[in-house]
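A.B. asks: Next input, structure requested:
(2 chains)
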Protein chains: 2
Amino acid sequence: MHEPLVDIGNRYAHLYLDGKVFDLSYDELFAQFSHRKIFYICVNNSLRDLLSQNSLWIDIEPFIEIKGSYRGMGIDRQVVLLSRGDGIYIDAGSAITIDKIVEDEYQGGIILPGVWSMIKSYAQISPILEIESLDRVDLCKLPKSNTRNTISYGIIAPIVAFVEKINSEGLPIYCCGGDGERVSGYMQSAIYSKELVFEGMNKVVKECGC
Amino acid sequence: MHEPLVDIGNRYAHLYLDGKVFDLSYDELFAQFSHRKIFYICVNNSLRDLLSQNSLWIDIEPFIEIKGSYRGMGIDRQVVLLSRGDGIYIDAGSAITIDKIVEDEYQGGIILPGVWSMIKSYAQISPILEIESLDRVDLCKLPKSNTRNTISYGIIAPIVAFVEKINSEGLPIYCCGGDGERVSGYMQSAIYSKELVFEGMNKVVKECGC
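C.D. replies: You can find the predicted model right below:
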């Protein structure tokens, strides 16, 4: 596939081209790619009209279908679930979504506040609970302190416990998003890839014959 | 025990007398009880000097000791852990603490943002994720929606999964705090009591012979 794949978010566009991922401002995207064919998904409703005016730019949303998914499910979340087949998918960004796919059918999933959002919550409860970033923690040992280590443990451990609970089948675990690599480090055999969304898009483009 | 037990928090005093719990403002506490003997704990450092001036008022903090606890652990958190012996203790207030006691020794525990704080986090991420209160959810079924049900599930399910994970021994689970009753409803055989802190205080007073 030589056409760029573009995941248009609420603030930036993420563009995949020749095996590399680029983060572009909307202006950069329009300036550099308006004369090229691209395939895109877009979660920013205010851009939709503008994007659809360029006949070279193809919105692949109408071709995305996941058995068992629900109306209103974010298109970026859906496309990630098409990337690798059955598994648990964790997209850890400003929110964290944890979804389960079995036999190509969506089983459901949850939405959690993202790591940064959780850090802010602690700080708002008490200055004692204020930390700037996460520590690497040992989940095998319950913490005994009020430190950064304990807050980090509190953010990570319930996520890991939940994933283990919904994955009694031992499905593969796929992580993406800004904190995806960090989260994947706490789950044996979890795979991190920042390109899951583009892998999913690639499949959709190939199958729809656009 | 006929003397009132008083848990002095950061905004109110909670007073236990003759089997009933009363929430009092600081002013009410001083006005109504300055001529009576009381036993108290206090987490509000700005009140300590004032409280210690009344020789009828006895701070039981020096008599509280839990094997394995750490320096700086909240005194209200500690006293709850003395209430019922071995078990998992969940105090679900503005923060949620989850602690484990085995053979009267503190094994460690975590601090999570409270339910209300989590609800605020979701709202700050996106207006789509804004809810006003929690739904009762069925934890056996992963949600498939963006609704209040899904947010509620996201708040409750990781807490429950974490408690189950650290409780392979099947210890009794004790819940207290403003959201303690709600949380206890998701764990089989969990016991809710809003009086755990006073049960713990009562034990300390009896043992120290004050």
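
A.B. asks: okay, CA-based contacts and neighbour counts for the rest of this
C.D. replies: Will do.

A.B. asks: Surely residue A:74 is in contact with residue A:45?
C.D. replies: No: using CA atoms under 8 Å, residue A:74 makes no contact with residue A:45, being 11.6 Å away.

A.B. asks: okay, the two: which has more neighbours?
C.D. replies: The neighbour comparison of residue A:74 against residue A:45 (other CA atoms under 10 Å in any protein chain shown) goes to residue A:74, with 12 against 9.

A.B. asks: Per-residue pLDDT of that one, please?
C.D. replies: For residue A:74, the model assigns a pLDDT of 89.

A.B. asks: And the nearest residue to it once chain neighbours are set aside, how far from residue B:159?
C.D. replies: Leaving aside its chain neighbours, residue A:74 sits nearest to residue A:43 (7.2 Å; criterion: CA to CA, 6 or more residues apart in numbering or on different chains). Applying CA to CA, to the nearest Å, the value for residue A:43 to residue B:159 is 30 Å.

A.B. asks: Between the two, which has more neighbouring residues?
C.D. replies: residue B:159 (23 against 15).

A.B. asks: Without its sequence neighbours, what residue ends up closest to that one?
C.D. replies: Nearest residue to residue B:159, sequence neighbours excluded (CA to CA, 6+ apart): residue A:158, at 6.0 Å.

A.B. asks: for the one you found, helix, strand, or coil?
C.D. replies: Here residue A:158 is recorded as helix under DSSP: H, G, I helix; E, B strand; the rest coil.

A.B. asks: looking at it, it is touching residue B:165, isn't it?
C.D. replies: No: if you go by CA under 8 Å, residue A:158 and residue B:165 don't touch, sitting 9.2 Å apart.

A.B. asks: neighbour-wise, which of these two wins?
C.D. replies: Set residue A:158 next to residue B:165 and count neighbours by other CA under 10 Å: residue A:158 wins out with 21 against 17.

A.B. asks: Name all residues that make contact with residue A:125.
C.D. replies: Residues in contact with residue A:125 (CA atoms under 8 Å, 6 or more residues apart in numbering or on different chains) are B:94, B:95, B:113, B:117.

A.B. asks: Chain A: strands as residue ranges?
C.D. replies: A:5-8, A:13-17, A:20-24, A:38-42, A:57-59, A:87-92, A:95-102, A:105-113, A:173-176, A:191-192 (DSSP state E).

A.B. asks: which helices and strands sit right next to the second one?
C.D. replies: Meaning strand A:13-17. If you count contacts as 3 or more CA pairs under 8 Å, 6 or more residues apart in numbering or on different chains; DSSP states H and E, strand A:13-17 packs onto strand A:5-8, strand A:20-24.

A.B. asks: Run through the residues of chain A sitting next to chain B.
C.D. replies: Contacts of chain A with chain B, taken as CA under 8 Å from any CA of the partner chain, map to A:69-73, A:94-95, A:107-113, A:117-118, A:121-122, A:125, A:141-146, A:150-151, A:153-155, A:157-159, A:161-162, A:165.

A.B. asks: repeat that with 7 Å
C.D. replies: A:70, A:94-95, A:107-113, A:117, A:121-122, A:125, A:142-145, A:150-151, A:154, A:157-159, A:161-162, A:165 (CA under 7 Å from any CA of the partner chain).

A.B. asks: The most centrally placed residue in chain A pairs with what?
C.D. replies: Chain A has residue A:91 as the residue nearest its centroid, 3.2 Å off, counting by CA atoms, centre = their mean. Note on residue A:91: beta-bridge partners residue A:97, residue A:176, judged by DSSP bridges.

A.B. asks: Hmm, residue A:180 and it touching each other?
C.D. replies: Yes: between residue A:91 and residue A:180 there is a contact under CA atoms under 7 Å: 6.3 Å.

A.B. asks: domain assignment for chain A?
C.D. replies: Domains of chain A are assigned by automatic domain parsing as A:5-59, A:85-196.

A.B. asks: Go through the strands of chain A and pick out the most buried.
C.D. replies: Highest mean neighbour count of those: strand A:87-92, a mean of 26 (counted as mean count of other CA atoms under 10 Å in any protein chain shown).

A.B. asks: Alpha carbons only: can I get that one in PDB?
C.D. replies: Extracted as PDB, the C-alpha positions of strand A:87-92 are listed here (Å, rounded to 0.1, in the frame of the first residue of the first chain):
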ATOM      1  CA  GLY A  87      -7.500 -10.700  21.700                       C
ATOM      2  CA  ILE A  88      -7.700  -8.100  24.400                       C
ATOM      3  CA  TYR A  89      -7.000  -4.600  23.100                       C
ATOM      4  CA  ILE A  90      -5.800  -1.900  25.400                       C
ATOM      5  CA  ASP A  91      -5.600   1.600  23.900                       C
ATOM      6  CA  ALA A  92      -4.000   3.800  26.700                       C
END
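
A.B. asks: Now that strand: average pLDDT?
C.D. replies: Mean pLDDT, strand A:87-92: 97.

A.B. asks: quick check: angle from it to strand A:95-102?
C.D. replies: Per axes from the mean of the first three to the mean of the last three CA atoms, to 10 degrees, the angle that strand A:87-92 makes with strand A:95-102 is 170 degrees.

A.B. asks: Could you check how far residue A:111 is from residue B:162?
C.D. replies: Counting by CA to CA - residue A:111 and residue B:162 are separated by 17 Å.

A.B. asks: likewise residue A:89?
C.D. replies: Distance, residue A:89 to residue B:162, by CA to CA: 19 Å.

A.B. asks: How about residue A:63?
C.D. replies: In this view, residue A:63 and residue B:162 are 38 Å apart by CA to CA.

A.B. asks: and what of residue A:141?
C.D. replies: Remark: distance between residue A:141 and residue B:162 (CA to CA) = 13 Å.

A.B. asks: cool, residue A:74 as well?
C.D. replies: 28 Å.

A.B. asks: got the buried residues for stretch A:50-60?
C.D. replies: Buried residues in stretch A:50-60, defined by neighbour count with 16 or more other CA atoms under 10 Å in any protein chain shown: A:51, A:57, A:58, A:59, A:60.

A.B. asks: before we move on, the earlier item: just put the helices and strands packed on strand A:13-17 in CSV and tack on mean pLDDT.
C.D. replies: As requested, the helices and strands packed on strand A:13-17 are exported to CSV (pLDDT from 0 to 100):
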stretch, mean pLDDT
strand A:5-8, 96
strand A:20-24, 94
